[in-house]
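K.L.:
sequence and predicted structure below; questions after.
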Amino acid sequence: MHDIGKTLVVLGLLIALAGVLVVFVGRVPWIGRLPGDIHIQRGNWHFYFPLATSIVLSLLLTLLFWLFGRR
């Protein structure tokens with residue numbers, strides 16, 4: 001039971017960290033507006049896909065997991 005408690009605390013902290021990141025990402029001007037992000041607007045319809053932002057975030061997370069996984 002002790003291990004389940006630790007796991008729940010870690011998951012809760014990760015969810016809280018994700019929430020803080022979502023709040024502060026809007027304040028970083030270049031996130032979501034990189035060259036390579038697809039933005040199409042036609043009349044009332046608009047489509048946005050952050051392709052370049054997704055690739056950059058994927059590379060950063062891969063690097064972080066690789067660094068912490070080496071321990």
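P.N.:
Ah, there it is.
K.L.:
mind naming the longest helix for this protein?
P.N.:
Selection of the longest helix in the chain by residue count, based on DSSP state H, yields helix 2-25.
K.L.:
contacts for that one?
P.N.:
Residues outside helix 2-25 that contact it (CB atoms under 8 Å, 6 or more residues apart in numbering) are I31, G32. Yep, even glycine has a C-beta here, placed from its N, CA and C like the rest.
K.L.:
past it, which element shows up next along the chain?
P.N.:
Downstream of helix 2-25, the first helix or strand assigned by DSSP states H and E is strand 38-42.
K.L.:
please save the CA atoms from that next one in PDB.
P.N.:
Once side chains and other backbone atoms are set aside, the C-alpha atoms of strand 38-42 remain, and they are given as PDB (Å, rounded to 0.1, in the frame of the first residue of the first chain):
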ATOM      1  CA  ILE A  38       0.200  25.300 -40.200                       C
ATOM      2  CA  HIS A  39      -2.500  28.000 -40.000                       C
ATOM      3  CA  ILE A  40      -5.300  28.200 -42.600                       C
ATOM      4  CA  GLN A  41      -8.100  30.600 -42.400                       C
ATOM      5  CA  ARG A  42     -10.900  30.800 -45.000                       C
END
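K.L.:
need the contact partners of the host helix or strand of L59.
P.N.:
In this structure, L59 is located in helix 51-69 according to DSSP H and E. Counting by CB under 8 Å, 6+ apart, helix 51-69 makes contact with I31, G32, L34, P35, G36, D37, I38, all of which sit outside it.
K.L.:
could you give the angle of the longest helix of the chain to helix 51-69?
P.N.:
With axes from the mean of the first three to the mean of the last three CA atoms, to 10 degrees as the basis, helix 2-25 and helix 51-69 are set at 150 degrees to each other.
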